[in-house]
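In: One predicted model, sequence on top.
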Amino acid sequence: MSKFFKRSESKNKVTAKTGAQSRACAAFIVNAIENGQSFNTAFAHFCMKLELDDRDKAFVSEIVYGTLRHRRLLNKSLEPLLEHKIQKRHSVVKSLLLCAMYQLIFMRTPPHAVVSATVSACALCQVRSFVSMVNAILRRFLREGGALTHSLDDAVEFSFPDWLYKRISADYGDKTKDILINSNEHAPLFLRVLTDRISLEDYLKELDRHDIDYALNRYGNSCVEILQPLPHDAIPLFKEGMVTIQDLSAQLAAPLLNISDNLKVLDTCAAPGGKSAHILSLGKNINLTAIDIDESRLKSTQQTLDRLKLKAELKVMDAKDLSSFEDESFDRILVDAPCSGTGVIRRHPDIKWLRRDKDIESLCQIQKDILNEAFKKLKTGGILLYTTCSILKCENEEQIKDFVKGHDNARFVPVSFDDTECDYKQVLPSAHGGDGFFYARVTKI
Ligand SMILES: C[S@@+](CC[C@H](N)C(=O)[O-])C[C@H]1O[C@@H](n2cnc3c(N)ncnc32)[C@H](O)[C@@H]1O
């Protein structure tokens, strides 16, 4: 356990009670996600309901993320142990068992602790009548070796829904397995140092002073990877606004806008504000309008900008209708479009179970509508940057190629990666260390 999760002496023991509460909380969250709730909503709700402290929350989040990462394989290992099908109204029992198996196999938590806390959690989950069944299944699982039952089907082995597996393999062929493996990794913590306020060198000295392990990455010149668990409030100079949390791939987006001083910039899908903040750091006197359709998410953009002491005009607005702005009035436009999130599954494994195949078509239509509308607002000679955190070609290269084909006055502005220039760039999860991401920029002639 990291030194940043220190507790007072009296609270330092994980009692049977807190152990059961954490297991109940994890099972409730997994169950809620299976029923369509997002991780963030379910996590906030159940952690509050079960009155968990920060250390318990970290433990719960590890169990939930891990269980979601390996859900299909855990399920395959659980199924032969179930003598009767668990009814839908008792589905939390299945979540309790899957979470317990994840702890036994992947976290190597002592078996007696997992079994006794999971059994006690039945009462908290209001499935007391399942106590002996849960106890018997977990003990049998351990007696029979406590190992996973593997599958020759990669969708099961790497726990991806069939529809998504099919789409990834149609797009990537023999690269598919690597993509699935990398998407099941734990995502690293990347910081972006605001180098207009503190040099990278000086910030690294700060990390050394706090004895924090880090690594640099040749792709981002203000990017530092932190090699140990570190809550936000333990990140040196975070509160002071000298540094922010942003994945490496996300950090590579804003510089592609070629920002210089005094430009008028529109960020069409801005929340929670990571790239808006980056744009503002790249020039002086940038006139940035940041819009988002989601009011609550736009509030988090304001918080991001406040912490970093940056200013932009924020508006709740649907980017499919930008008629309140004059045509050809922006020098730079960022369309960081709503997407499937298939490039960030290692960071948000709930995406695998929340997304549906039919969502992809509607997302593609929204992306197309936003691109068409945003391009009207771009000045001649300006740059529009289209990015997504998806790896699906229909959202990325097919989308932008169709766009350029459909606009006589649009031209690609090539992007350069690994010393190679291309009209657009697809980065796969972990390929450079960062998330899966897509970048393409166009200009108006
Ligand atoms: C990938 S996130 C943007 C991340 C953000 N650019 C950043 O760097 O922090 C996509 C955003 O698009 C917003 N969005 C979805 N549909 C939209 C629409 N029609 N108009 C404007 N924003 C939209 C979502 O609310 C979400 O905040």
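Out: Ah, there it is.
In: how is the chain carved up into domains?
Out: Listed domain ranges for the chain are 20-150, 247-444 (source: the TED database).
In: what mean pLDDT does the last one have?
Out: Meaning domain 247-444. Per-region confidence: domain 247-444 scores 97 on mean pLDDT.
In: Does at least one residue of that domain sit close to the ligand?
Out: Yes. Domain 247-444 lies within reach of the ligand by C-beta under 6 Å from any ligand atom, at 268-275, 291-294, 297, 318-320, 336, 338, 366. In short, each C-beta sits where N, CA and C put it, glycine included.
In: Can you flag which of those residues belong to strands?
Out: When the residues of domain 247-444 next to the ligand are checked against strands (DSSP state E), the matches are Ile291, Asp292, Asp336.
In: if we can go back for a sec, can I get the domains of the chain in JSON lines with distance to Ile168?
Out: Putting those into JSON lines (distance: least, C-beta to C-beta, whole Å) gives the following:
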{"stretch": "domain 20-150", "distance to Ile168": "15"}
{"stretch": "domain 247-444", "distance to Ile168": "7"}
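In: can you put the ones you listed in TSV and add distance to Cys223 and mean neighbour count?
Out: Formatted as TSV, the domains of the chain follow (distance: least, C-beta to C-beta, whole Å; neighbours: other C-beta atoms under 10 Å):
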stretch	distance to Cys223	mean neighbour count
domain 20-150	23	18
domain 247-444	5	19
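In: Now do the strands in the stretch 151-300 of the chain.
Out: 189-193, 214-216, 223-226, 243-245, 264-267, 287-292 (DSSP state E, counting those that start in this stretch).
In: now these as TSV including distance to Pro161?
Out: Output for the strands of the stretch 151-300 of the chain, formatted as TSV (distance: least, C-beta to C-beta, whole Å):
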stretch	distance to Pro161
strand 189-193	27
strand 214-216	33
strand 223-226	30
strand 243-245	29
strand 264-267	32
strand 287-292	28
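In: closest to Leu104 out of those?
Out: Closest to Leu104 of these is strand 189-193 (C-beta to C-beta; 26.9 Å).
In: What is that closest one packed up against?
Out: In this structure, strand 189-193 packs against strand 223-226, strand 243-245, helix 248-251, with contacts taken as 3 or more C-beta pairs under 8 Å, 6 or more residues apart in numbering; DSSP states H and E.
In: can you do 6 Å?
Out: The contact analysis (3 or more C-beta pairs under 6 Å, 6 or more residues apart in numbering; DSSP states H and E) places strand 189-193 against strand 223-226, strand 243-245.
In: Quick one: closest of these to the ligand.
Out: Of all the helices and strands packed on strand 189-193, strand 243-245 sits nearest to the ligand, with 10.4 Å by C-beta to the nearest ligand atom.
In: quick one: strands adjacent to that closest one?
Out: Looking at strand 243-245 with DSSP bridges, its partner strands are strand 189-193 (antiparallel).
In: So what's the predicted local confidence for the residue lying closest to Leu200 once chain neighbours are set aside?
Out: Excluding the flanking residues, the one nearest Leu200 by C-beta to C-beta, 6 or more residues apart in numbering is Val193, at 5.4 Å. You'll see Val193 listed with a pLDDT of 97.
In: how far away is Val193 from Gly283?
Out: Distance of Val193 to Gly283, computed by C-beta to C-beta, to the nearest Å: 17 Å.
In: for Phe330, same thing?
Out: Taking C-beta to C-beta as the measure, Phe330 falls 14 Å from Gly283.
In: Could you tell me the phi and psi values at Ser340?
Out: Main-chain torsions, Ser340, degrees, to the nearest 10: phi -70, psi -20.
In: Which residue comes closest to it once chain neighbours are left out?
Out: Counting by C-beta to C-beta, 6+ apart, Ser340 lies nearest to Ser390, which is 4.8 Å off, once chain neighbours are set aside.
In: Help me confirm that the one you found comes into contact with Pro338.
Out: No. In this structure Ser390 lies outside contact range of Pro338 using C-beta atoms under 6 Å: 9.7 Å.
In: Is the residue of the chain most remote from its centre within a helix or a strand, and which one?
Out: Residue farthest from the centre of the chain, counting by C-alpha atoms, centre = their mean, is Ser132 at 37.5 Å. Using DSSP states H and E, Ser132 sits in helix 131-143.
In: Sounds good, over and out.
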